[in-house]
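*Asks:* Predicted model follows, preceded by the sequence.
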Amino acid sequence: MGKTKSGDKGGAALKITVLMGGASSERDVSFASGTRVAAALRARGHAVTAFDPVGKVLSVEEEKGYLSGAVKKAPPTPEFLATLKIPGSLGDHPAVRDADVVFLGLHGGQGEDGTVQALLDLAGIRYTGSGHLASALAMDKELSKLLFRAAGVRTADWLMAPATEAEIVSALGLPVVVKPSKQGSTVGLSVVKRREDLAAAIELAYKHDDEVMIEAFIPGRELTVGILGDEPLAVGEIIPKHEIYDYECKYTAGMAVEEFPAKLDRADTAAVQQQALAAFRSLKLSGYARIDFRMSPEGHFYCLEANTLPGMTETSLIPQSADACGISFAELCERVVRLALEGERSPRRA
Ligand SMILES: Nc1ncnc2c1ncn2[C@@H]1O[C@H](COP(=O)(O)OP(=O)(O)O)[C@@H](O)[C@H]1O
Ligand SMILES: [Mg+2]
(Lines give C-alpha, C1' and ligand atoms only; values in the text may rest on other atoms or scores of the structure.)
(Ligands and ions follow the chains in the order given, each with its own letter.)
Protein backbone atom coordinates (compact mmCIF):
# COMPACT_ATOMS: atom_id res chain seq x y z
CA MET A 1 0.00 0.00 0.00
CA GLY A 2 1.02 3.58 -0.54
CA LYS A 3 1.22 6.30 2.04
CA THR A 4 -1.20 6.38 4.96
CA LYS A 5 -2.21 9.67 6.46
CA SER A 6 -2.64 10.10 10.17
CA GLY A 7 -6.22 9.47 11.22
CA ASP A 8 -7.14 7.03 8.46
CA LYS A 9 -6.86 3.99 10.76
CA GLY A 10 -4.26 2.40 8.45
CA GLY A 11 -4.34 -1.37 8.93
CA ALA A 12 -6.97 -1.31 11.69
CA ALA A 13 -10.39 -2.95 11.54
CA LEU A 14 -12.99 -0.62 10.06
CA LYS A 15 -16.76 -0.29 10.11
CA ILE A 16 -17.64 -0.80 6.47
CA THR A 17 -21.11 -0.71 4.94
CA VAL A 18 -21.36 -2.36 1.55
CA LEU A 19 -24.20 -0.92 -0.54
CA MET A 20 -25.73 -3.50 -2.90
CA GLY A 21 -28.93 -4.03 -4.85
CA GLY A 22 -30.37 -0.65 -5.72
CA ALA A 23 -32.91 0.18 -8.42
CA SER A 24 -31.04 -0.33 -11.69
CA SER A 25 -31.24 -3.15 -14.22
CA GLU A 26 -28.00 -4.44 -12.70
CA ARG A 27 -29.66 -4.97 -9.31
CA ASP A 28 -29.18 -8.75 -9.31
CA VAL A 29 -25.57 -8.46 -10.41
CA SER A 30 -24.99 -5.97 -7.62
CA PHE A 31 -26.12 -8.46 -4.96
CA ALA A 32 -23.64 -10.96 -6.40
CA SER A 33 -20.80 -8.41 -6.18
CA GLY A 34 -21.80 -6.84 -2.89
CA THR A 35 -22.14 -10.07 -0.94
CA ARG A 36 -18.70 -11.26 -2.18
CA VAL A 37 -17.09 -7.96 -1.24
CA ALA A 38 -18.78 -8.08 2.18
CA ALA A 39 -17.55 -11.63 2.80
CA ALA A 40 -13.98 -10.78 1.72
CA LEU A 41 -13.80 -7.67 3.92
CA ARG A 42 -15.29 -9.54 6.87
CA ALA A 43 -12.65 -12.25 6.44
CA ARG A 44 -10.04 -9.46 6.71
CA GLY A 45 -11.42 -8.60 10.15
CA HIS A 46 -13.61 -5.60 9.33
CA ALA A 47 -17.09 -5.07 10.79
CA VAL A 48 -19.21 -5.25 7.66
CA THR A 49 -22.89 -4.40 7.13
CA ALA A 50 -24.66 -5.33 3.87
CA PHE A 51 -27.26 -2.70 2.98
CA ASP A 52 -29.68 -2.44 0.06
CA PRO A 53 -30.38 1.30 -0.23
CA VAL A 54 -33.88 0.76 -1.64
CA GLY A 55 -34.74 -1.43 1.32
CA LYS A 56 -32.90 -2.47 4.39
CA VAL A 57 -29.87 -4.05 5.98
CA LEU A 58 -29.62 -7.63 4.77
CA SER A 59 -29.96 -10.46 7.27
CA VAL A 60 -27.26 -13.11 7.45
CA GLU A 61 -29.64 -15.53 5.66
CA GLU A 62 -30.31 -13.05 2.87
CA GLU A 63 -26.60 -12.51 2.36
CA LYS A 64 -26.03 -16.27 2.26
CA GLY A 65 -28.81 -16.67 -0.28
CA TYR A 66 -27.22 -14.15 -2.66
CA LEU A 67 -23.77 -15.66 -2.07
CA SER A 68 -24.88 -19.12 -3.15
CA GLY A 69 -27.32 -18.13 -5.91
CA ALA A 70 -26.49 -17.45 -9.55
CA VAL A 71 -27.48 -14.27 -11.41
CA LYS A 72 -30.61 -14.89 -13.54
CA LYS A 73 -30.27 -15.04 -17.33
CA ALA A 74 -32.16 -11.78 -17.85
CA PRO A 75 -32.21 -8.52 -15.88
CA PRO A 76 -35.25 -7.50 -13.78
CA THR A 77 -38.03 -5.82 -15.77
CA PRO A 78 -38.24 -2.01 -15.98
CA GLU A 79 -41.76 -2.30 -14.43
CA PHE A 80 -40.38 -4.01 -11.33
CA LEU A 81 -37.45 -1.62 -11.07
CA ALA A 82 -39.85 1.35 -11.23
CA THR A 83 -41.24 0.25 -7.86
CA LEU A 84 -37.83 0.68 -6.19
CA LYS A 85 -36.35 3.98 -5.01
CA ILE A 86 -33.13 5.06 -3.33
CA PRO A 87 -34.22 7.67 -0.74
CA GLY A 88 -32.70 11.15 -0.66
CA SER A 89 -32.17 10.59 3.05
CA LEU A 90 -29.67 7.78 2.38
CA GLY A 91 -26.93 9.55 4.35
CA ASP A 92 -29.14 9.62 7.48
CA HIS A 93 -29.59 5.86 7.64
CA PRO A 94 -27.58 4.54 10.60
CA ALA A 95 -25.94 1.88 8.41
CA VAL A 96 -24.46 4.66 6.30
CA ARG A 97 -24.04 7.43 8.88
CA ASP A 98 -22.09 5.26 11.32
CA ALA A 99 -19.72 3.66 8.79
CA ASP A 100 -16.05 4.60 8.54
CA VAL A 101 -16.40 4.04 4.81
CA VAL A 102 -19.12 2.95 2.41
CA PHE A 103 -18.12 0.37 -0.18
CA LEU A 104 -20.21 0.92 -3.30
CA GLY A 105 -21.20 -2.54 -4.51
CA LEU A 106 -23.99 -1.01 -6.63
CA HIS A 107 -23.91 -1.22 -10.41
CA GLY A 108 -25.64 1.01 -12.94
CA GLY A 109 -28.33 3.65 -12.50
CA GLN A 110 -28.17 6.10 -9.62
CA GLY A 111 -25.65 3.93 -7.76
CA GLU A 112 -23.07 4.39 -10.49
CA ASP A 113 -24.02 7.64 -12.21
CA GLY A 114 -22.91 10.01 -9.44
CA THR A 115 -26.27 10.44 -7.70
CA VAL A 116 -25.50 8.22 -4.72
CA GLN A 117 -21.96 9.62 -4.66
CA ALA A 118 -23.35 13.16 -4.37
CA LEU A 119 -25.72 12.11 -1.57
CA LEU A 120 -22.79 10.61 0.32
CA ASP A 121 -20.76 13.78 -0.27
CA LEU A 122 -23.62 15.83 1.23
CA ALA A 123 -23.66 13.55 4.25
CA GLY A 124 -19.87 13.75 4.61
CA ILE A 125 -19.42 9.98 4.22
CA ARG A 126 -16.35 8.48 2.57
CA TYR A 127 -17.01 5.99 -0.21
CA THR A 128 -15.04 3.84 -2.61
CA GLY A 129 -14.27 4.64 -6.23
CA SER A 130 -14.87 7.77 -8.24
CA GLY A 131 -16.56 10.97 -7.10
CA HIS A 132 -19.89 12.24 -8.39
CA LEU A 133 -18.67 14.18 -11.42
CA ALA A 134 -16.35 11.45 -12.66
CA SER A 135 -19.07 8.84 -12.11
CA ALA A 136 -21.55 10.88 -14.12
CA LEU A 137 -19.07 11.38 -16.96
CA ALA A 138 -18.25 7.68 -17.16
CA MET A 139 -21.94 6.74 -17.17
CA ASP A 140 -22.61 9.03 -20.14
CA LYS A 141 -21.10 7.31 -23.17
CA GLU A 142 -21.33 10.43 -25.35
CA LEU A 143 -19.46 12.70 -22.90
CA SER A 144 -16.96 9.90 -22.22
CA LYS A 145 -16.15 9.57 -25.90
CA LEU A 146 -15.72 13.33 -26.32
CA LEU A 147 -13.25 13.33 -23.42
CA PHE A 148 -11.48 10.19 -24.67
CA ARG A 149 -10.91 11.87 -28.03
CA ALA A 150 -9.70 15.07 -26.37
CA ALA A 151 -7.15 12.97 -24.45
CA GLY A 152 -5.98 11.13 -27.58
CA VAL A 153 -7.75 7.87 -26.73
CA ARG A 154 -9.16 6.28 -29.89
CA THR A 155 -12.89 5.48 -29.84
CA ALA A 156 -15.30 4.39 -32.59
CA ASP A 157 -17.15 7.05 -34.62
CA TRP A 158 -20.71 7.65 -33.48
CA LEU A 159 -23.91 9.65 -33.89
CA MET A 160 -26.61 10.42 -31.37
CA ALA A 161 -30.28 9.73 -32.23
CA PRO A 162 -32.29 11.18 -33.83
CA ALA A 163 -30.45 10.58 -37.09
CA THR A 164 -31.87 9.45 -40.40
CA GLU A 165 -31.03 6.04 -41.84
CA ALA A 166 -29.17 7.78 -44.64
CA GLU A 167 -27.08 9.81 -42.18
CA ILE A 168 -26.24 6.73 -40.14
CA VAL A 169 -25.26 4.58 -43.09
CA SER A 170 -23.20 7.29 -44.76
CA ALA A 171 -21.38 8.35 -41.56
CA LEU A 172 -20.84 4.96 -39.95
CA GLY A 173 -21.56 2.26 -42.54
CA LEU A 174 -23.03 -1.05 -41.40
CA PRO A 175 -23.05 -2.85 -39.08
CA VAL A 176 -23.56 -0.35 -36.29
CA VAL A 177 -24.14 -0.82 -32.58
CA VAL A 178 -27.22 0.93 -31.19
CA LYS A 179 -27.12 1.46 -27.44
CA PRO A 180 -28.65 3.49 -24.64
CA SER A 181 -26.10 6.20 -23.85
CA LYS A 182 -26.27 5.77 -20.07
CA GLN A 183 -26.91 2.05 -19.40
CA GLY A 184 -24.76 -0.96 -18.61
CA SER A 185 -24.67 -4.74 -18.88
CA THR A 186 -25.51 -4.57 -22.62
CA VAL A 187 -29.15 -3.89 -21.74
CA GLY A 188 -31.09 -2.43 -24.71
CA LEU A 189 -28.07 -2.78 -27.05
CA SER A 190 -28.24 -4.24 -30.57
CA VAL A 191 -25.85 -4.88 -33.43
CA VAL A 192 -27.64 -3.78 -36.60
CA LYS A 193 -26.51 -5.23 -39.94
CA ARG A 194 -29.44 -4.23 -42.14
CA ARG A 195 -30.64 -0.71 -42.69
CA GLU A 196 -34.27 -1.78 -42.24
CA ASP A 197 -33.56 -2.93 -38.67
CA LEU A 198 -32.24 0.45 -37.50
CA ALA A 199 -35.55 1.96 -36.42
CA ALA A 200 -36.53 -0.99 -34.21
CA ALA A 201 -33.07 -1.05 -32.55
CA ILE A 202 -33.29 2.67 -31.79
CA GLU A 203 -36.80 2.22 -30.36
CA LEU A 204 -35.56 -0.61 -28.15
CA ALA A 205 -32.66 1.49 -26.83
CA TYR A 206 -35.07 4.36 -26.06
CA LYS A 207 -36.95 1.99 -23.72
CA HIS A 208 -33.89 2.12 -21.45
CA ASP A 209 -32.67 5.68 -21.81
CA ASP A 210 -33.70 9.09 -23.16
CA GLU A 211 -30.44 9.29 -25.15
CA VAL A 212 -29.47 6.74 -27.75
CA MET A 213 -26.06 6.31 -29.38
CA ILE A 214 -25.34 4.74 -32.75
CA GLU A 215 -21.72 3.62 -33.00
CA ALA A 216 -19.63 2.13 -35.81
CA PHE A 217 -19.17 -1.61 -35.25
CA ILE A 218 -15.54 -2.50 -34.52
CA PRO A 219 -14.82 -6.10 -35.51
CA GLY A 220 -11.97 -7.94 -33.82
CA ARG A 221 -11.13 -8.79 -30.23
CA GLU A 222 -12.59 -7.63 -26.91
CA LEU A 223 -10.13 -6.49 -24.23
CA THR A 224 -10.45 -5.07 -20.75
CA VAL A 225 -7.98 -3.41 -18.39
CA GLY A 226 -8.40 -2.89 -14.65
CA ILE A 227 -7.00 0.24 -13.02
CA LEU A 228 -6.21 0.33 -9.30
CA GLY A 229 -5.06 3.59 -7.79
CA ASP A 230 -3.07 5.04 -10.63
CA GLU A 231 -1.73 1.80 -12.12
CA PRO A 232 -3.03 -0.44 -14.88
CA LEU A 233 -3.54 -4.10 -13.94
CA ALA A 234 -3.30 -7.06 -16.34
CA VAL A 235 -5.02 -6.88 -19.73
CA GLY A 236 -7.76 -9.46 -20.24
CA GLU A 237 -9.41 -10.83 -23.35
CA ILE A 238 -13.05 -11.85 -23.47
CA ILE A 239 -14.24 -14.37 -26.02
CA PRO A 240 -18.04 -14.50 -25.70
CA LYS A 241 -20.15 -17.36 -27.08
CA HIS A 242 -22.49 -14.78 -28.66
CA GLU A 243 -21.44 -12.19 -31.22
CA ILE A 244 -21.20 -9.54 -28.51
CA TYR A 245 -20.54 -9.67 -24.80
CA ASP A 246 -24.22 -9.52 -23.86
CA TYR A 247 -26.02 -9.86 -20.52
CA GLU A 248 -26.20 -13.64 -20.70
CA CYS A 249 -22.50 -14.01 -21.63
CA LYS A 250 -21.53 -11.64 -18.84
CA TYR A 251 -23.36 -13.43 -16.05
CA THR A 252 -23.77 -17.08 -17.05
CA ALA A 253 -20.92 -19.46 -16.28
CA GLY A 254 -19.40 -20.92 -19.43
CA MET A 255 -20.87 -18.31 -21.81
CA ALA A 256 -17.56 -16.51 -22.29
CA VAL A 257 -13.89 -17.43 -22.13
CA GLU A 258 -11.90 -14.84 -20.21
CA GLU A 259 -8.11 -14.88 -20.47
CA PHE A 260 -5.84 -13.01 -18.08
CA PRO A 261 -3.31 -11.96 -19.17
CA ALA A 262 -4.54 -11.64 -22.75
CA LYS A 263 -2.42 -13.17 -25.49
CA LEU A 264 -0.91 -9.92 -26.71
CA ASP A 265 2.70 -9.02 -27.35
CA ARG A 266 4.49 -6.68 -24.98
CA ALA A 267 4.09 -3.60 -27.13
CA ASP A 268 0.32 -4.09 -27.54
CA THR A 269 -0.07 -4.82 -23.83
CA ALA A 270 1.75 -1.63 -22.91
CA ALA A 271 -0.19 0.36 -25.50
CA VAL A 272 -3.64 -0.70 -24.31
CA GLN A 273 -2.65 -0.23 -20.66
CA GLN A 274 -1.46 3.28 -21.50
CA GLN A 275 -4.76 3.97 -23.32
CA ALA A 276 -6.68 2.65 -20.30
CA LEU A 277 -4.83 4.94 -17.93
CA ALA A 278 -5.33 7.90 -20.27
CA ALA A 279 -9.07 7.10 -20.45
CA PHE A 280 -9.22 6.80 -16.63
CA ARG A 281 -7.56 10.19 -16.21
CA SER A 282 -9.61 11.85 -18.96
CA LEU A 283 -12.80 11.24 -16.95
CA LYS A 284 -11.09 12.16 -13.64
CA LEU A 285 -11.82 8.72 -12.20
CA SER A 286 -10.33 7.61 -8.91
CA GLY A 287 -9.77 4.50 -6.82
CA TYR A 288 -10.44 1.81 -9.35
CA ALA A 289 -12.24 1.19 -12.62
CA ARG A 290 -12.32 -1.16 -15.56
CA ILE A 291 -11.78 0.19 -19.07
CA ASP A 292 -13.12 -1.83 -22.04
CA PHE A 293 -11.73 -1.91 -25.57
CA ARG A 294 -12.17 -3.46 -28.97
CA MET A 295 -9.00 -4.34 -30.86
CA SER A 296 -9.55 -4.09 -34.60
CA PRO A 297 -7.99 -6.54 -37.08
CA GLU A 298 -5.51 -3.75 -37.95
CA GLY A 299 -4.37 -3.74 -34.33
CA HIS A 300 -5.94 -0.44 -33.23
CA PHE A 301 -7.48 -0.17 -29.77
CA TYR A 302 -10.90 1.49 -29.57
CA CYS A 303 -12.08 2.45 -26.11
CA LEU A 304 -15.69 1.40 -25.56
CA GLU A 305 -16.29 2.72 -22.08
CA ALA A 306 -15.08 3.07 -18.51
CA ASN A 307 -16.90 1.16 -15.75
CA THR A 308 -16.57 2.99 -12.45
CA LEU A 309 -18.30 0.29 -10.41
CA PRO A 310 -17.22 -2.86 -12.24
CA GLY A 311 -18.41 -6.33 -11.27
CA MET A 312 -16.77 -7.50 -8.06
CA THR A 313 -17.34 -11.21 -7.64
CA GLU A 314 -14.16 -13.32 -7.42
CA THR A 315 -14.66 -14.33 -11.05
CA SER A 316 -15.52 -10.83 -12.35
CA LEU A 317 -13.11 -9.17 -14.74
CA ILE A 318 -11.32 -6.64 -12.54
CA PRO A 319 -10.64 -9.24 -9.82
CA GLN A 320 -9.15 -11.47 -12.54
CA SER A 321 -7.12 -8.52 -13.85
CA ALA A 322 -5.79 -7.93 -10.31
CA ASP A 323 -5.21 -11.64 -9.66
CA ALA A 324 -3.00 -11.88 -12.74
CA CYS A 325 -0.85 -9.18 -11.04
CA GLY A 326 -0.68 -11.18 -7.80
CA ILE A 327 -3.41 -9.18 -6.01
CA SER A 328 -6.00 -11.48 -4.42
CA PHE A 329 -9.71 -10.62 -4.35
CA ALA A 330 -9.59 -9.76 -0.63
CA GLU A 331 -6.50 -7.62 -1.15
CA LEU A 332 -8.21 -5.82 -4.02
CA CYS A 333 -11.25 -5.05 -1.83
CA GLU A 334 -8.97 -3.87 0.97
CA ARG A 335 -6.95 -1.61 -1.34
CA VAL A 336 -10.10 -0.07 -2.80
CA VAL A 337 -11.19 0.76 0.77
CA ARG A 338 -7.78 2.20 1.68
CA LEU A 339 -7.78 4.37 -1.45
CA ALA A 340 -11.16 5.77 -0.37
CA LEU A 341 -9.75 6.63 3.04
CA GLU A 342 -6.69 8.31 1.56
CA GLY A 343 -9.30 10.61 0.20
CA GLU A 344 -7.66 12.38 -2.71
CA ARG A 345 -10.29 12.18 -5.43
CA SER A 346 -8.16 13.95 -8.04
CA PRO A 347 -4.58 12.78 -7.70
CA ARG A 348 -1.98 15.45 -8.37
CA ARG A 349 -0.93 15.53 -11.99
CA ALA A 350 2.44 13.97 -12.74
N1 LIG B 1 -18.77 -0.29 -31.34
C2 LIG B 1 -18.79 -1.58 -31.03
N3 LIG B 1 -18.24 -2.50 -31.86
C4 LIG B 1 -18.28 -3.82 -31.54
N5 LIG B 1 -18.85 -4.32 -30.44
C6 LIG B 1 -19.41 -3.45 -29.57
C7 LIG B 1 -19.41 -2.03 -29.82
N8 LIG B 1 -20.05 -1.43 -28.80
C9 LIG B 1 -20.42 -2.40 -27.95
N10 LIG B 1 -20.05 -3.62 -28.39
C11 LIG B 1 -20.29 -4.93 -27.73
O12 LIG B 1 -21.34 -4.76 -26.77
C13 LIG B 1 -20.83 -4.89 -25.43
C14 LIG B 1 -21.46 -3.85 -24.49
O15 LIG B 1 -21.20 -2.56 -24.97
P16 LIG B 1 -20.78 -1.34 -24.03
O17 LIG B 1 -20.61 -0.16 -24.90
O18 LIG B 1 -19.62 -1.74 -23.19
O19 LIG B 1 -22.08 -1.13 -23.15
P20 LIG B 1 -22.48 -1.58 -21.67
O21 LIG B 1 -22.35 -0.33 -20.87
O22 LIG B 1 -23.88 -2.04 -21.80
O23 LIG B 1 -21.51 -2.65 -21.23
C24 LIG B 1 -19.33 -4.74 -25.56
O25 LIG B 1 -18.66 -5.39 -24.51
C26 LIG B 1 -19.06 -5.36 -26.94
O27 LIG B 1 -19.05 -6.77 -26.89
MG1 LIG C 1 -19.42 -2.59 -21.25
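*Replies:* Sure, I can see it. Note that the structure is predicted; figures quoted are calculated from it, not measured. Ligands and ions are numbered 1, 2, ... in the order given.

*Asks:* From now on I want contacts and neighbour counts done on CA atoms only, so please keep to that.
*Replies:* Noted.

*Asks:* tally of neighbours for the residue lying closest to Gly131 once chain neighbours are set aside?
*Replies:* Sequence neighbours aside, Gln117 is the residue nearest to Gly131 in space, at 6.1 Å (criterion: C-alpha to C-alpha, 6 or more residues apart in numbering). Look at Gln117: counted by other C-alpha atoms under 10 Å, it has 26 neighbours.

*Asks:* Quick one: residues contacting Gln117.
*Replies:* For Gln117, the contact set (C-alpha atoms under 8 Å, 6 or more residues apart in numbering) comprises 111, 127, 131-132.

*Asks:* Please list the residues of the chain that sit near ligand 1.
*Replies:* 156, 177, 183-187, 215-219, 244-246, 304-305 (C-alpha under 6 Å from any ligand atom).

*Asks:* at 5 Å instead, please
*Replies:* Residues of the chain lying near ligand 1 by C-alpha under 5 Å from any ligand atom: 184-186, 217-218, 244-245.

*Asks:* hmm, back to that, quick one: which of the contacts of Gln117 is most hemmed in?
*Replies:* Going by other C-alpha under 10 Å, Tyr127 tops the contacts of Gln117 with 29 neighbours.

*Asks:* about what we covered before: any chance of TSV for the residues of the chain next to ligand 1, columns pLDDT and neighbour count?
*Replies:* Converted to TSV, those look like this (pLDDT from 0 to 100; neighbours: other C-alpha atoms under 10 Å):
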residue	pLDDT	neighbour count
Gly184	70	21
Ser185	73	20
Thr186	78	16
Phe217	98	21
Ile218	98	22
Ile244	83	16
Tyr245	88	18
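
*Asks:* Sitting in strands, which of those residues do you find?
*Replies:* Among the residues of the chain next to ligand 1, the subset assigned to strands under DSSP state E is empty.

*Asks:* Gly65: which of the residues you listed is nearest?
*Replies:* Ser185 (22.5 Å; C-alpha to C-alpha).

*Asks:* who's in contact with Gly108?
*Replies:* By C-alpha under 8 Å, 6+ apart, the contact list for Gly108 reads 24-26, 183-184, 309.

*Asks:* Go through those residues and name the one with the lowest pLDDT.
*Replies:* When the contacts of Gly108 are compared on pLDDT, Gly184 comes out lowest, with 70.

*Asks:* For that one, give me its contacts.
*Replies:* Neighbouring residues of Gly184 by C-alpha under 8 Å, 6+ apart: 26, 108.

*Asks:* quick check, nearest of the residues of the chain next to ligand 1 to Met160?
*Replies:* Phe217 (14.7 Å).

*Asks:* Go ahead and confirm that closest one touches Val178.
*Replies:* No. Judged on C-alpha atoms under 8 Å, Phe217 makes no contact with Val178 at a distance of 9.4 Å.

*Asks:* Can you work out which residues contact both of these two?
*Replies:* Contacts common to Phe217 and Val178, judged by C-alpha under 8 Å, 6+ apart, are Val191.

*Asks:* picking up where we left off before, nearest to Met295, out of the residues of the chain next to ligand 1: which one, please.
*Replies:* Ile218 (7.7 Å).

*Asks:* and the residue of the chain positioned farthest from its centre, how far is that from ligand 1?
*Replies:* For the chain, the residue at maximal distance from the C-alpha centroid (C-alpha atoms, centre = their mean) is Ala166, at 33.5 Å. Distance from Ala166 to ligand 1, counting by C-alpha to the nearest ligand atom, to the nearest Å: 19 Å.

*Asks:* hang on, that residue in a helix?
*Replies:* Yes. Applying DSSP: H, G, I helix; E, B strand; the rest coil, one finds Ala166 inside a helix.

*Asks:* Hmm, Arg97 and Lys15 touching each other?
*Replies:* No. Counting by C-alpha under 8 Å, Lys15 does not reach Arg97; the two are 10.7 Å apart.
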